[in-house]
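Novice: Here you go, sequence then predicted model.
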Amino acid sequence: MEIKVKCYSGYVYAGEPRSFVWQDKELGIKAVEKAWQEPGKRLFRVVTEDGKLFELCYNEADDRWSAVELMDTIVQSKIQNAN
């Protein structure tokens, strides 16, 4: 899902996300758990102030951000493995 992100940008854009809009609500980022790069992308696993886990991706070629909520994915995976 394409989203809007506010981020700290030092010498490069998309240095560290600070907040983003998800389902019409701005979510503050409490912590960046992991940051990494893939060709043409900057990725961040973040925890929001309300405790949700997301993976944010900045696509440099398209100049667009996207997000995936990971908590639901993790919970669904645990439920499937328990059955």
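Specialist: Cool, got the structure.
Novice: What pLDDT does the model give residue 56?
Specialist: Residue 56 is assigned 96 on the pLDDT scale.
Novice: what sits against it?
Specialist: Taking Cβ atoms under 8 Å, 6 or more residues apart in numbering as the criterion, residue 56 is in contact with 3, 5, 17, 20, 43, 44, 46, 65, 66, 67. Any C-beta I mention is one placed from the backbone N, CA and C, and that applies to glycine too.
Novice: quick one: it from residue 25, how far?
Specialist: Residue 56 sits 15 Å away from residue 25, going by Cβ to Cβ, to the nearest Å.
Novice: State the pLDDT value of residue 79.
Specialist: Residue 79 carries a pLDDT value of 50.
Novice: One more: residue 28?
Specialist: 96.
Novice: Beyond the helix or strand hosting residue 57, next helix or strand please.
Specialist: In this assignment (DSSP states H and E), residue 57 forms part of strand 53-59. Moving toward the C-terminus from strand 53-59, the next helix or strand (DSSP H and E) is strand 64-69.
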